[in-house]
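Participant: turn this into a structure:
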Amino acid sequence: MPAAMPTTPPMPRSRRLDDQITRVTEAIPLRAKSLIVTIYGDSILPHGGSTWLGSLIRLVEPLGLSERMVRTAVFRLTRDDWLVAEQIGRRSYYALTAEGRRRFEAAHRRIYALDQPPWDGDWLLVLTNAVPLEPDQREALRRDLLWQGYGTLAPSVLAHPGGEDDGLRQTLDSHGLSDAVVVMRARGHPMTDPLASTAMVRGCWDLDTLAADYGAFLERFRPVWRALEAAGDGCAPVQAFLVRTLLIHDYRRVLLRDPLLPLEVLPPDWPGAAARLLCRNIYRATYQAAERHIMDTLETADGPLPRAARVFYDRFGGLLADTPG
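Facilitator: Residues are numbered from 1 along each chain as shown. Below you'll find the model as predicted:
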């Protein structure tokens, strides 16, 4: 009888890190639909954006999502034009739609940036009363722009310091309103008192709530960072995946409500900068082992996941490991 082939023992798990994962899981809301959006954007999109539903169910099981919860969430994401289904035999594969990719790309530019670009002092203004709009059109555009960090300067005027012309153009095109709004650039005048500018900013954006949310993020994940440092090479791939997923899920929940205002108009000791640095450090410490778990768990219609696209390694200013050739 031939000798049995030796098997590779599983990577030991850090007990301290498991405790921190449990603590974070209990502290933040883990709604199935939102969590799967996080996983598609962070883990699946770099590998092509499509996976077999059965393997997705396996991947999220350690996060406490049941098969029924995943199926319901994926159905709703398909209805909302995030995902599209492909049936091959008895298996269902779900890929990102073109609209889903557009939404992710807009969010990714903000989530994975290393630093905020310098501010040139310009404000981008969007005036929505130039042409009569249906109330639902106006509200849909307003919601989309608020999600992108615009503030309401007046009932029909939204503003963002700096602002991205390309991003705004894509948003207006997606709503079919490119010819129905007025876009202007403005610059503050030297006669404006800084106190008046500060009051305007606080009137447009709820910075106190945002600062408190960043503070809560730091309190949740600083102990995770210490546990990762203590674990060293003892962080198992599944633990790395859980940490990375919880990290980005919680960070994006705060960041995507952040208008990313220039430091010139923010309060002193703004906690957003510390939160970004902590998120970058934890991501860099976990992404390699997390990638192994993702590659070992998820399947596509063509077999195992392809390797991550090169653009994945540009996250947070460049991940430290060598990129694939």
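Participant: who's in contact with the most centrally placed residue in the chain?
Facilitator: Taking Cα atoms, centre = their mean, the centroid of the chain lies closest to residue 252, which sits 4.2 Å from it. Going by Cβ atoms under 8 Å, 6 or more residues apart in numbering, residue 252 touches 38, 107, 111. All C-beta atoms are positioned from the backbone trio N, CA, C, and that covers glycine.
Participant: let's see it at 10 Å
Facilitator: Contact analysis of residue 252 by Cβ atoms under 10 Å, 6 or more residues apart in numbering lists 34, 37-38, 41-42, 107-108, 110-112, 279.
Participant: so it lies in a helix, does it not?
Facilitator: Yes - under DSSP: H, G, I helix; E, B strand; the rest coil, residue 252 sits within a helix.
Participant: ok so, going back, adding secondary structure and neighbour count, write the contacts of residue 252 out as a markdown table.
Facilitator: Output for the contacts of residue 252, formatted as a markdown table (DSSP: H, G, I helix; E, B strand; the rest coil; neighbours: other Cβ atoms under 10 Å):
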| residue | secondary structure | neighbour count |
| --- | --- | --- |
| 34 | helix | 15 |
| 37 | helix | 22 |
| 38 | helix | 20 |
| 41 | helix | 25 |
| 42 | helix | 26 |
| 107 | helix | 17 |
| 108 | helix | 17 |
| 110 | helix | 17 |
| 111 | helix | 19 |
| 112 | coil | 21 |
| 279 | helix | 24 |
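Participant: and of the residues you listed, the nearest to residue 198?
Facilitator: residue 110 (23.6 Å; Cβ to Cβ).
Participant: that closest one contacts residue 258, doesn't it?
Facilitator: Yes - Residue 110 is in contact with residue 258 according to Cβ atoms under 10 Å; the separation is 8.1 Å.
Participant: overlap of the contact sets of the two?
Facilitator: With contacts taken as Cβ under 10 Å, 6+ apart, residue 110 and residue 258 have residue 149 as neighbours in common.
Participant: for the stretch 201-325 of the chain, what spans make up the strands?
Facilitator: 299-300, 303-304 (DSSP state E, counting those that start in this stretch).
Participant: show me where pLDDT drops low in this protein?
Facilitator: For the chain, applying pLDDT under 70 flags the ranges 1-11, 320-325.
Participant: which segments of it make up each domain?
Facilitator: The chain breaks down into these domains under automatic domain parsing: 10-117+206-325, 122-187.
Participant: can you redo the ones you listed as TSV with distance to residue 193?
Facilitator: Compiled in TSV, the domains of the chain are given as follows (distance: least, Cβ to Cβ, whole Å):
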stretch	distance to residue 193
domain 10-117+206-325	13
domain 122-187	16
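Participant: and of those, who's closest to residue 196?
Facilitator: domain 10-117+206-325 (11.5 Å).
Participant: next up, the contacts around the closest residue in space to residue 316 that isn't next to it in sequence.
Facilitator: Closest residue to residue 316 apart from its sequence neighbours, by Cβ to Cβ, 6 or more residues apart in numbering: residue 280 at 4.2 Å. If you count contacts by Cβ under 10 Å, 6+ apart, residue 280 has them with 112-115, 251, 315-317, 319.
Participant: follow-up on the earlier one: among the strands of the stretch 201-325 of the chain, which comes closest to residue 235?
Facilitator: Across the strands of the stretch 201-325 of the chain, residue 235 has its closest neighbour in strand 303-304 (22.7 Å, Cβ to Cβ).
Participant: since that was my last question, I'll sign off now.
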